[in-house]
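Peer 1: here's a sequence, model it:
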Amino acid sequence: MSAFEHAGTPEGVGDTRPPALATDALRGARITVVGAGAFGGWTALWLLRAGAQVTLVDAWGAGHARSSSGDETRVIRATYGPSRTYTQWTDAAFGEWRALEALTGRTLLTACGALWMYAHDDDAYARAATPLLAEVGRTLEVLTPDEVRRRFPQFSVDDVRNAYFEHGAGFLRARLGCQVVAGQFVREGGQVVQAQVTPGRVARGRMAAVRTQDGTTLEADQFVFACGPWLGRMFPRLIGNAVLPTRQEVFYFGTPAGDPQFEPERCPVWLHSTATGLSFGIPGNEGRGMKVGDDVRGPRIDPTRASRAPSARALAWARAEIAARIPALAHAPVAEARTCVYENSPDGHLILDRHPAAENAWIAGGGSGHGYKLGPLVGRHLAARIAGQSAGIEAFTIARLASMTPA
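Peer 2: Now for the predicted structure:
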């Protein structure tokens, strides 16, 4: 299943966004957050702002190359089919990313719009999203293929049956975003530790500490594990294969010298849906060219030990895809290539819940290729839950995984 389009949809009644946090909600609580990706970094920052004493731990540092929050860019879009929760969370996330930009002076979000192209008649996902986007003041504009040709002549739309343009969508600078969040966390008084940790023993319903690779113990009142593709390894019995790391290759195709038509000022993020999958592209990428990726889940990967060298098969697919979508780049050179990783849950939904055996341990993961942009809302949701100010969301529970975990 495409990570952009889900079979299940977590629904809420009314406003499903996490509440605002009181600045003293967790005054004096000692909290350790494991994982400095989008989920862990933002969770640590919100907990710190709620008054906690927070330590953020990561084995390689924020935005490192092996993580599911690494690489240069991620799509940010509020089109989420019939899901009110995801629509509202993404809408709120736009504001939080902009607030972080204003606070730090770093550019993280480029709102170049998103062009959705369907090479089939089943555009129910986009049509279901339209009224929910309107509820939060966003627009998904219907375009005919001829209108796409006039507005975005870079694209070939000979196979496109239906098209939509999402105003205000775009992309985030992923690696930089993780580093900026971690940097702001430190500036506001948080502590960052580079170490590999394992969860401590659970006794009488609580976890007392985590242990680093050199035997040091880090004690805390609360623990959050936002370990991305390592979550199943961290909790083999609780999570195990319910978080499946997959190999996802992306390629950056160099654009013609001096040609601005492939820059974000003139070119949107694009998503091309067929009966068998979905491809996507992101312009600009800090001078790296047009990023092209396949959203279909790849083979399982060991996120620590696997080589990240690109494969000939994936390159052949990417070159055929860029030639079909953007003919002017059919013979463009590959400027860079990356092997990234998705951390997939069985249904594509997030995992945001309390550890069932430890009242003071929390799990955050299952980004499934679409979670990065939601980092600010994931962090606020978990901080509110730890502070006792918010309830859980059924579609994000650990319990749901029991009936759907792959072998």
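
Peer 1: please make it C-alpha for all contacts and neighbour counts, starting now.
Peer 2: OK.

Peer 1: right, and residue 65 touches residue 71 too?
Peer 2: Yes - assessed by C-alpha atoms under 8 Å, residue 65 is found in contact with residue 71 at 6.5 Å.

Peer 1: identify the contacts common to these two.
Peer 2: Counting by C-alpha atoms under 8 Å, 6 or more residues apart in numbering, the residues touching both residue 65 and residue 71 are residue 340.

Peer 1: go ahead and confirm residue 373 touches residue 92.
Peer 2: No - using C-alpha under 8 Å, residue 373 is not in contact with residue 92, being 10.3 Å away.

Peer 1: which one's more surrounded, these two?
Peer 2: Ranked by neighbour count (other C-alpha atoms under 10 Å), residue 373 and residue 92 place residue 373 first, with 28 against 18.

Peer 1: leaving out sequence neighbours, find the closest residue to that one.
Peer 2: Leaving out its chain neighbours, the residue that sits closest to residue 373 by C-alpha to C-alpha, 6 or more residues apart in numbering is residue 76, at 5.7 Å.

Peer 1: scan the protein for its longest helix.
Peer 2: What stands out as the longest helix in the chain, according to DSSP state H, is helix 84-104.

Peer 1: got the buried residues for that one?
Peer 2: Neighbour counts using 16 or more other C-alpha atoms under 10 Å place 84-94, 96-97, 100-101 of helix 84-104 among the buried residues.

Peer 1: how about the secondary structure of the residue nearest to residue 339 when sequence neighbours are not counted?
Peer 2: Spatial nearest neighbour of residue 339, excluding adjacent residues (C-alpha to C-alpha, 6+ apart): residue 249 at 4.4 Å. Here residue 249 is strand, with the state taken from DSSP: H, G, I helix; E, B strand; the rest coil.

Peer 1: residue 249 and residue 216, how far apart?
Peer 2: Going from residue 249 to residue 216 by C-alpha to C-alpha, to the nearest Å gives 36 Å.

Peer 1: neighbour-wise, which of these two wins?
Peer 2: Taking other C-alpha under 10 Å, residue 249 and residue 216 do not tie; residue 249 has more neighbours (22 against 12).

Peer 1: how much space separates that one from residue 312?
Peer 2: Residue 249 is 11 Å from residue 312, by C-alpha to C-alpha.

Peer 1: can you give me the helices for the chain?
Peer 2: Using DSSP H, helices in the chain cover 38-49, 84-104, 124-135, 145-151, 174-187, 231-234, 312-325, 375-386.

Peer 1: go through those and name the closest to residue 255.
Peer 2: Of all the helices of the chain, it is helix 312-325 that lies closest to residue 255, at 11.6 Å by C-alpha to C-alpha.

Peer 1: buried residues in that closest one?
Peer 2: By 16+ other C-alpha under 10 Å, the buried positions in helix 312-325 come out as 314, 315, 318, 319, 321, 322, 323, 324, 325.

Peer 1: among the residues you listed, which two are most distant?
Peer 2: Greatest spacing in those, by C-alpha to C-alpha: 314 and 325 (16.3 Å).

Peer 1: is the nearest residue to residue 193 once chain neighbours are set aside in a bridge, and if so with what?
Peer 2: Using C-alpha to C-alpha, 6+ apart and skipping the chain neighbours, the partner closest in space to residue 193 is residue 57 (4.8 Å). Note on residue 57: beta-bridge partners residue 34, residue 193, judged by DSSP bridges.
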